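A.B. asks: need a 3D model of the following:
(chains A, B, C and D)
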Number of protein chains: 2
Amino acid sequence: MTQAESKEGNDSLLGKNAASARTPHKRDAEATQKRILSSAKHEFAMSGLAGARVDVIAEKAEANKRMIYHYFGSKEALFTKVLEEAYSDLYEAERKLKLDHLEPRVALERFVRFTWTYYLENPDFITLVNSENLHKGVHLGSSGVLKSVSRNRLHMLENLLARGQKSGVFRKGIDAMQLHISIAALGYYYLTNRYTGSIVFRCDLMAPEMLEKRIEFNVESILRIVGA
Amino acid sequence: MTQAESKEGNDSLLGKNAASARTPHKRDAEATQKRILSSAKHEFAMSGLAGARVDVIAEKAEANKRMIYHYFGSKEALFTKVLEEAYSDLYEAERKLKLDHLEPRVALERFVRFTWTYYLENPDFITLVNSENLHKGVHLGSSGVLKSVSRNRLHMLENLLARGQKSGVFRKGIDAMQLHISIAALGYYYLTNRYTGSIVFRCDLMAPEMLEKRIEFNVESILRIVGA
DNA sequence: GCTTTAGGTAAATATCTTGTTACTTAGAGG
DNA sequence: CCTCTAAGTAACAAGATATTTACCTAAAGC
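C.D. replies: Below is the predicted model of the structure:
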């Protein structure tokens, strides 16, 4: 080693290969917080609150443990922030769905498919929610963010149901909350229990053709539940 | 200690308050293992694999940590055993359901209610399964027990569907596995996410009248899904 | 250029936690 | 009664782990 590292040479420490690890990050509070949040989301999703390691979160964020405490205060506060972001992201994606102008059955089907696809493409969301429920919701419970963000959570579905009932394609008396929960349930359960499910049913629940079968079953099921 | 307990005096497995905690247990390998398993089930269900503490498991079992390693080998092996037992218990309860002689729709409804009630009365089962899925099913995957126990898991439901199709009350082409998963999903999701759900929907999902509404919705949903 | 401050680093600390070791003793079988 | 095995206890070792402390330095504002 000639003189390769002049001053900030924070090399090997982590086993990553390319340049990104070498290049010390420019001082950028916002970027560092983002890296920490992203890393934390991944670690908490992978190992849960108790299983995740602050050291690993810092390392994967290419940041220092000290920064975690500087920006977030504690491991639990970081977990709370991660959860809030996860919910915000889902709600944001939901809001982008424009279902109001669609025929009710088409709109509902689209919502079912959206929910499924979101879970499929954001597996972290599911394990984070599971972790929070293991902890009895204490982090979200004391977080104003979720409460404000999840206001009118059922509005869209209520509108949809009302339109469908009016036009006669949906039956009357459907509870929007029960339906919302059911739409989530049919996808969430399948995906969150994909490992034990694959063992119990002796097949790969994550095989593409199995996923395909599942979403089609879910769409048909929900349409039958609301059908007039 | 007079002689109060003759020999198998395994007092209240858990929630003991006064004397029983003091009285040293008679030497009884089987009883000790049972106490450890029961305590471990509770702790793992409450805190997950990473969050549970071997010390606490031993203490609550009124046993010694050493005994855990003596009888089960490691924390993970104990977790595996707890899981195996949890699944066996569910399957055992399922087997006791005698649905063969019932009219298909009645039998199916009974199965939906059974599944719901089992989850409701055995909340440990849900969190244990969640924990195992967080760990990608590695413990059950390498356990011969579950594999042998869950053979023919769909047999009952397949029979039921066949009978209902024959008599015309169920439509044709229903996949027993998809239906089985859906029956579990509608109950499991609601209960496993009861904390975050109560926050998001601003109501107590565990209030008796809410539970009542949910199971009725689930029964109707499943019957609609299979309806001819 | 100089000062100040906020972004950043490394090492220390105090506490936990799993698993082990060395030891004690009940009680079954002779 | 005596012996020997297996149930049980308590204390320890080694390594993690969350959080803090002491320190450094880039770069923004003057």
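
A.B. asks: ignoring the adjacent residues along the chain, who's closest to A:R163?
C.D. replies: Spatial nearest neighbour of A:R163, excluding adjacent residues (Cβ to Cβ, 6 or more residues apart in numbering or on different chains): A:P104 at 4.9 Å. Quick note: C-beta positions are derived from backbone N, CA and C, even for glycine.

A.B. asks: centroid-nearest residue for chain A?
C.D. replies: Centroid check for chain A by Cα atoms, centre = their mean gives A:F125 as the closest residue, at 2.2 Å.

A.B. asks: show me the contact partners of the one helix or strand that one maps to.
C.D. replies: Using DSSP states H and E, A:F125 sits in helix A:123-134. Residues from elsewhere that reach helix A:123-134 (Cβ atoms under 8 Å, 6 or more residues apart in numbering or on different chains): A:41-42, A:44-46, A:48-49, A:79, A:82-83, A:86, A:89-90, A:118-119, A:139-140, A:188, A:191-192, B:47-48, B:51, B:127, B:130-131, B:134, B:192-196.

A.B. asks: count the residues that sit near the residue nearest to A:R163.
C.D. replies: 21 (other Cβ atoms under 10 Å in any protein chain shown).

A.B. asks: how about it, what does it touch?
C.D. replies: Contacts for A:P104 (Cβ under 8 Å, 6+ apart) come out as A:L160, A:L161, A:R163, A:G164, A:S167, A:V169, A:F170.

A.B. asks: how much space separates the first one from B:E132?
C.D. replies: In this structure, A:L160 and B:E132 are separated by 36 Å, where distance is defined by Cβ to Cβ, to the nearest Å.

A.B. asks: in ChimeraX, select just the buried ones from the contacts of A:P104.
C.D. replies: The ChimeraX selection below is limited to those of the contacts of A:P104 classed as buried (16 or more other Cβ atoms under 10 Å in any protein chain shown):
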select /A:160,161,163,164,169,170
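
A.B. asks: tell me the residues of chain A that contact DNA strand C?
C.D. replies: Chain A comes close to DNA strand C at residues A:10, A:24-29, A:31-32, A:63-67, A:70, as judged by Cβ under 7 Å from any atom of the strand.

A.B. asks: tell me the two of these that are most distant?
C.D. replies: Distances among the residues of chain A next to DNA strand C were taken as Cβ to Cβ; the most separated pair is A:K26 and A:K65, at 19.8 Å.

A.B. asks: who has more neighbours, these two?
C.D. replies: Counted by other Cβ under 10 Å, A:K26 and A:K65 do not tie: A:K65 has more neighbours, with 15 against 7.

A.B. asks: could you find the closest non-adjacent residue to the more buried one?
C.D. replies: Per Cβ to Cβ, 6+ apart, closest to A:K65 is A:A58, 4.3 Å.

A.B. asks: also A:E84?
C.D. replies: If the residues on either side of it in the chain are set aside, A:E84 comes closest to A:V145, at 4.3 Å by Cβ to Cβ, 6+ apart.

A.B. asks: isn't the one you found right up against A:A86?
C.D. replies: No - the criterion here is Cβ atoms under 8 Å, and A:V145 misses it with A:A86 at 11.0 Å.

A.B. asks: between the two, who's got more neighbours?
C.D. replies: Applying other Cβ under 10 Å to A:V145 and A:A86 shows that A:A86 carries more neighbours, namely 22 against 15.

A.B. asks: ok, the more buried one touching A:K41?
C.D. replies: Yes - applying Cβ under 8 Å, one finds A:A86 in contact with A:K41, separated by 6.9 Å.

A.B. asks: quick check on A:N152: phi, psi?
C.D. replies: A:N152 adopts backbone torsions of phi 60, psi 30, taken as degrees, to the nearest 10.

A.B. asks: quick check: it vs chain B, distance?
C.D. replies: 11 Å (Cβ to the nearest Cβ, to the nearest Å).

A.B. asks: now swap in A:E43 and tell me
C.D. replies: A:E43 is 12 Å from chain B, by Cβ to the nearest Cβ.

A.B. asks: report how many residues lie close to the residue nearest to that residue when sequence neighbours are not counted.
C.D. replies: Nearest non-adjacent residue to A:E43, counting by Cβ to Cβ, 6+ apart: A:A52, 4.2 Å away. By other Cβ under 10 Å, 23 other residues sit near A:A52.
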